[in-house]
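Q: sequence unknown, structure follows:
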């Protein structure tokens, strides 16, 4: 199907032409019909931006406008929900402002709606939303062709609105459950959808649009992390529809992003995430930032991936550098059973008691090797199995964090007074060192190559989601979030116990 606004990607050639960004997204929901001025109001939006606002939209913005504004035969928007993902600094805000003004001064004026048309925009918090709203108001006041229809601006706190002479109102809200409530919403723009850590604002806006057949919500953002709840809620079913053709045809995804696994210095990948590369985005600057991010690793690299490559990451401030953790993995771990006198075990329990991990560590030739001994999905399972599991390993040390969720369980074990507990020769060792110090020591050891771990999907997943929770100048692993991190605490504890274990006595020699 021909698209008059489509452009092919170009990454530079032998003649020295500069690399150019991709006008077409890497992932996108295909149109139902050929896109023309009769089947997409995006063409009218492009003309409005140029002829009324004096803004020539960039090629990728024109592509997105024509596709996300596709119309059904009855002139309703084909996409009731649009999710547009693109790297930062590529012009999202300009397109969003043009879209809101088009809704206010053209689109909603022409509709026989009945209710007073209402447009709402949300952002990270109320101050950001108001800043965008105020900038839109200023644009109206300095655009001669809009002034006759400008109406008034209401500044009463909590009731701020720009009202056109045709009665269309544009208000703003923060990302919370009050967004759009008590009003019928006809159009909505949600900026930085990655920042929605719950569905509260989404539920409020969607509920306020239920009775509006011509309603449309446009969500714009770059990628996020594991707690980007709303982004995932929209993106996953949209991807499923693209891949299978099954699902909601009125949920559209348009995603400019680097492929999964692409390196930060991959020019082709950067071009896929940055459609304005070679126009408003400078390749040399991106590559410079990419190099610094790769050298720094950790949160700096994670931020570069989400904001510049529009890639999904588990955490923006990961406790353990993902690349270093991957490099520390091995499939040829020494048999720790042969080093029982050096083995330390550490038990930790998730804060909601839905998971527990027993981790082993031993220092062998200066390197601390770690492996999962056992993992359980409930406290009752731990209570049944822990004694036999520890007795089977026969470690030199068994420890736990006294101020963590495992403390009560270990206290119960100690109070039981069974003859088999603790096993003979095993030292019960509560970790008396500061918890933050134990947590903070592990990432440096992993990065330095002083820790090697058996590859384990459960541990890998928990390391991926473990974020740093700041406590002044120190930090610990975040226990509250999208999943347990008890394996990471058990890992850090086992490494600490193994590395602080006294050197074994030399064998007795009889003369």
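A: Yep, it's here. These numbers come from a predicted model, not from an experiment. Numbers count the residues shown, from 1 in each chain.
Q: any low-confidence regions in the stretch 201-350 of the chain?
A: 225-227, 314-317 (pLDDT under 70).
Q: show me where it has helices.
A: 229-244, 267-273, 283-296, 298-307, 322-328 (DSSP state H, counting those that start in this stretch).
Q: Equivalent analysis for the stretch 401-511 of the chain, please.
A: Using DSSP H, counting those that start in this stretch, helices in the stretch 401-511 of the chain cover 407-416, 435-447, 457-465, 486-499.
Q: go on, the stretch 1-150 of the chain?
A: 42-51, 59-68, 92-102, 126-141.
Q: which other residues reach the third one?
A: By that I understand helix 92-102. The contact list for helix 92-102, computed with CB atoms under 8 Å, 6 or more residues apart in numbering, reads 44-45, 48-49, 53, 55, 57, 61, 64-65, 84, 86, 119, 121, 132, 135-136, 139-140, 146, 170, 187, 189, 191, 218, 220. All C-beta atoms are positioned from the backbone trio N, CA, C, and that covers glycine.
Q: Could you tell me which of those count as buried?
A: Among those, those classed as buried by 16 or more other CB atoms under 10 Å are 45, 48-49, 53, 55, 57, 61, 64-65, 84, 86, 119, 121, 132, 136, 139-140, 146, 170, 187, 189, 191, 218, 220.
Q: Just want to check the distance between residue 472 and residue 221.
A: Distance from residue 472 to residue 221, counting by CB to CB, to the nearest Å: 32 Å.
Q: higher neighbour count, the two?
A: residue 221 (25 against 6; other CB atoms under 10 Å).
Q: Strands of the stretch 151-300 of the chain, start to end?
A: Assigned by DSSP state E, counting those that start in this stretch, the strands in the stretch 151-300 of the chain fall at 152-154, 161-163, 169-174, 187-191, 216-221, 251-255.
Q: and among those strands, the most buried is which?
A: Among the strands of the stretch 151-300 of the chain, strand 187-191 has the highest mean neighbour count (mean count of other CB atoms under 10 Å), at a mean of 26.
Q: now the helices of the stretch 401-511 of the chain in JSON lines, with mean neighbour count, distance to residue 325 and mean pLDDT?
A: What follows is the helices of the stretch 401-511 of the chain, written out as JSON lines (neighbours: other CB atoms under 10 Å; distance: least, CB to CB, whole Å; pLDDT from 0 to 100):
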{"stretch": "helix 407-416", "mean neighbour count": "14", "distance to residue 325": "27", "mean pLDDT": "77"}
{"stretch": "helix 435-447", "mean neighbour count": "19", "distance to residue 325": "6", "mean pLDDT": "92"}
{"stretch": "helix 457-465", "mean neighbour count": "19", "distance to residue 325": "5", "mean pLDDT": "89"}
{"stretch": "helix 486-499", "mean neighbour count": "28", "distance to residue 325": "10", "mean pLDDT": "95"}
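Q: May I see these organised as CSV, with distance to residue 335 added?
A: Converted to CSV, the helices of the stretch 401-511 of the chain look like this (distance: least, CB to CB, whole Å):
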stretch, distance to residue 335
helix 407-416, 27
helix 435-447, 22
helix 457-465, 19
helix 486-499, 16
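Q: if we can go back for a sec, wait, which of the helices of the stretch 1-150 of the chain is closest to residue 251?
A: Closest to residue 251 of the helices of the stretch 1-150 of the chain is helix 59-68 (CB to CB; 11.4 Å).
Q: these two touch, right, residue 252 and residue 85?
A: No: in this structure, residue 252 is not within contact of residue 85 by CB atoms under 8 Å, at 11.5 Å.
Q: ends of stretch 148-159, how far apart?
A: The straight-line separation of the ends of stretch 148-159 (CA to CA, to the nearest Å) is 23 Å.
Q: OK, contacts around the residue nearest to residue 70 when sequence neighbours are not counted?
A: Leaving out its chain neighbours, the residue that sits closest to residue 70 by CB to CB, 6 or more residues apart in numbering is residue 78, at 4.0 Å. Counting by CB under 8 Å, 6+ apart, residue 78 touches 31-32, 70-72, 249-250, 252.
Q: same check, this time on residue 318
A: Contacts of residue 318 by CB under 8 Å, 6+ apart are 298-299, 302, 464, 466-468.
Q: which one of these is nearest residue 488?
A: Among the contacts of residue 318, and counting by CB to CB, the member closest to residue 488 is residue 466, at 4.6 Å.
Q: Now do that closest one against residue 155, distance only.
A: As for residue 466, its distance to residue 155 is 45 Å (criterion: CB to CB).
Q: Those two: who's more crowded?
A: Comparing residue 466 with residue 155 by other CB under 10 Å, the one with more neighbours is residue 466, at 31 against 10.
Q: List the residues that contact the more buried one.
A: Per CB under 8 Å, 6+ apart, neighbours of residue 466: 315, 318-320, 477-478, 485, 488.
Q: And the residues you listed, which two are furthest apart?
A: The widest separation within the contacts of residue 466 (CB to CB) is 12.4 Å, between 320 and 478.
Q: Which of the two has more residues huddled nearby?
A: residue 320 (27 against 19).
Q: mind listing what that one touches?
A: By CB under 8 Å, 6+ apart, the contact list for residue 320 reads 442-443, 446, 463, 466, 488.
Q: sorry, back to before: for the contacts of residue 78, which single residue is the most surrounded?
A: Counting by other CB under 10 Å, top hit in those: residue 252 with 26 neighbours.
Q: Quick check: closest non-adjacent residue to that one.
A: Using CB to CB, 6+ apart, the nearest residue to residue 252 is residue 79, at 3.9 Å.
Q: cool, and residue 106?
A: Nearest non-adjacent residue to residue 106 (CB to CB, 6+ apart): residue 48, at 6.0 Å.
Q: The one you found: what's it in contact with?
A: So residue 48 contacts 98, 101-102, 105-106 (CB under 8 Å, 6+ apart).
Q: and if we set it to 10 Å?
A: 41, 55, 65, 98-99, 101-102, 105-107, 145 (CB atoms under 10 Å, 6 or more residues apart in numbering).
Q: Likewise for residue 106?
A: Counting by CB under 10 Å, 6+ apart, residue 106 has contacts 41, 44-45, 47-48, 52, 149, 166, 168.
Q: nearest to residue 451, of those residues?
A: residue 45 (54.7 Å).
Q: I figured the closest one hits residue 103, correct?
A: Yes: judged on CB atoms under 10 Å, residue 45 makes contact with residue 103 at a distance of 9.2 Å.
Q: Could you chop the protein up by domain?
A: As recorded under automatic domain parsing, the domains making up the chain are 27-255, 324-499.
Q: between the ones you listed, which gets nearest to residue 263?
A: domain 324-499 (13.4 Å).
Q: mind checking how far that closest one is from the chain centre?
A: How far domain 324-499 lies from its chain's middle: 27 Å, per CA atoms, centre = their mean, to the nearest Å.
Q: Can you give me the end-to-end span of it?
A: 20 Å.
Q: what's the answer for stretch 257-271, then?
A: From its first residue to its last, stretch 257-271 covers 9 Å (CA to CA).
Q: Buried residues, that stretch. List them.
A: Buried, per 16+ other CB under 10 Å, within stretch 257-271: 257-258, 262, 264, 266, 269-271.
Q: Could I get those in a markdown table, plus columns for distance to residue 196?
A: Formatted as a markdown table, the buried residues of stretch 257-271 follow (distance: CB to CB, whole Å):
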| residue | distance to residue 196 |
| --- | --- |
| 257 | 19 |
| 258 | 23 |
| 262 | 26 |
| 264 | 26 |
| 266 | 29 |
| 269 | 26 |
| 270 | 27 |
| 271 | 28 |
